[in-house]
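Peer 1: Coordinates for the following, if possible.
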Amino acid sequence: MIQQGLIKDRQLRMLETAFGQQMMEYLYDPQIIEVMLNPDGRLHYERIGEGKVATDTIISAEQSENILKLVASFKNQVANEEHPEVSTELPFEGARFQGWLPPVVSQACFSIRRRAVAVFTLDQYVEQGALTLNQADFLKNAVKLRKNIVIVGGTGSGKTTFANALLAELSGDQDRILVIEDLPELQVKVEDLVSMTTTSHISMRDLVKGSLRMRPDRIIIGEVRDGSALDLLKAWNTGHPGGVCTIHANSVESTPHRFEDLIQEAVVSVPKTLILQALDLIVFIQRDKSGKRKITDMVELSGYDKGEYILTPCKI
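Peer 2: Next comes the predicted model:
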């Protein structure tokens, strides 16, 4: 065990050296939420309230490839031409690393998403103009009434950060809460909490199915991206209301259809009734060019008619 610890310490020092001083400063800057390296070698970052910034820092092909291989090695993975993807959690600030090697890309590249250090509250979203006071009050009540809430948006729109703001409303709650994610990003301040993450052998669907045997009161999903959507909706509809999840979709209107697409990864025939019964509230968050986030739509799923889902704007 001591020998393994020494090996990990040495690997960590090598990793810090490979990233370099500039990148390590970005990773520990609480205002920077993402660091990105493109195949051209240029380093970019995104700072809260500032948007994306292209730096003057250029990383060589040799250094970027070395970073990916060291990250993989630190997690006992392999990165080479046959295994060009590296997707894991970094030991720095719980950051999420997604990288690619040639031949998928012309030169090694990656994106590092920092885990939120502080959780924004709904009231802070109101202060920043991202949410109206009435919207915030409506959402607080929806959490209290155990509504199933789906947070929708594009990549980098702030879905997970907003999910944490909703989950902050559960602080001190007596419910038994199960949180299921690919990488740990959601934060729930309750005593009776079980947090689970997927592995290369245990899928999101496996965890959702298994969670039902652990007596949850609420089931929270970091992001729904596969056939686990079916199991989640079944769980929410069979005695486990009050859930929160995020999903990639371009609008509130496309959200039920996005669930249909994911459900079809598990079954051929989509149970539309299940979607109607399980999804209560759909919230769309959008990021503008300056990097500012805003809640632009909040609707309730109220029916299905002539091949279309009926979405009703929330009475706020």
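
Peer 1: pLDDT weak spots in this protein?
Peer 2: When residues are selected by pLDDT under 70, those of the chain lie in 1-8, 49, 116-118.

Peer 1: so how far is residue 283 from residue 137?
Peer 2: With distances defined as C-beta to C-beta, to the nearest Å, the gap from residue 137 to residue 283 amounts to 14 Å. The way it works is simple: take the backbone N, C-alpha and C, and place the C-beta from them, glycine included.

Peer 1: Those two: which is more packed in?
Peer 2: More neighbours sit around residue 283 than around the other of residue 137 and residue 283, counting by other C-beta atoms under 10 Å; the figures are 28 against 13.

Peer 1: tell me which element the more buried one falls in.
Peer 2: strand 281-287 (DSSP states H and E).

Peer 1: where along the stretch 101-250 of the chain do the helices fall?
Peer 2: With helices called from DSSP state H, counting those that start in this stretch, the stretch 101-250 of the chain shows them at 122-127, 133-144, 159-167, 204-211, 228-236.

Peer 1: Export those as CSV, with columns for distance to residue 250.
Peer 2: Rendered in CSV, the data for the helices of the stretch 101-250 of the chain read as follows (distance: least, C-beta to C-beta, whole Å):
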stretch, distance to residue 250
helix 122-127, 22
helix 133-144, 21
helix 159-167, 13
helix 204-211, 22
helix 228-236, 17
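
Peer 1: now the top helix by length along the chain, how far from the centre of its chain.
Peer 2: In the chain, taking DSSP state H as the definition, the longest helix is helix 2-27. Centroid separation between helix 2-27 and its chain, computed with C-alpha atoms, centre = their mean, to the nearest Å, is 25 Å.

Peer 1: Stretch 147-158 too?
Peer 2: The gap between where stretch 147-158 is centred and where its chain is centred comes out at 9 Å by C-alpha atoms, centre = their mean.

Peer 1: show me where the chain has strands.
Peer 2: Ranges of strands within the chain are 32-37, 42-47, 51-58, 85-89, 96-100, 109-113, 149-153, 177-181, 193-197, 218-221, 244-248, 281-287, 293-305, 308-313, based on DSSP state E.

Peer 1: Let me know the angle separating the longest one from strand 308-313.
Peer 2: Relative orientation of strand 293-305 and strand 308-313, computed by axes from the mean of the first three to the mean of the last three C-alpha atoms, to 10 degrees: 130 degrees.

Peer 1: any residues touching strand 293-305, and which ones?
Peer 2: For strand 293-305, the surrounding residues in contact (C-beta atoms under 8 Å, 6 or more residues apart in numbering) are 125, 129-131, 135, 138-139, 157-158, 161-162, 251-252, 256, 272, 275-276, 279-288, 309-314, 316.

Peer 1: how much does it deviate in direction from strand 149-153?
Peer 2: If you take the same axes, to 10 degrees, strand 293-305 sits at 120 degrees to strand 149-153.

Peer 1: what lines up beside strand 293-305 in the sheet?
Peer 2: strand 281-287 (antiparallel), strand 308-313 (antiparallel) (DSSP bridges).

Peer 1: hey, which of those is tucked in deepest?
Peer 2: Stretch with highest mean neighbour count among these: strand 281-287 (a mean of 22; mean count of other C-beta atoms under 10 Å).

Peer 1: For that one, give me every contacting residue.
Peer 2: Outside strand 281-287, the residues touching it (C-beta under 8 Å, 6+ apart) are 139, 142, 147-154, 156-159, 162, 251-252, 255, 293-301, 311, 314.

Peer 1: Hmm, residue 160 and residue 34 touching each other?
Peer 2: No: counting by C-beta atoms under 8 Å, residue 34 stays clear of residue 160, with 11.8 Å between them.

Peer 1: And these two? Which one has more around it.
Peer 2: Residue environment comparison for residue 34 versus residue 160 gives the larger neighbour count to residue 160, 21 against 17, counting by other C-beta under 10 Å.
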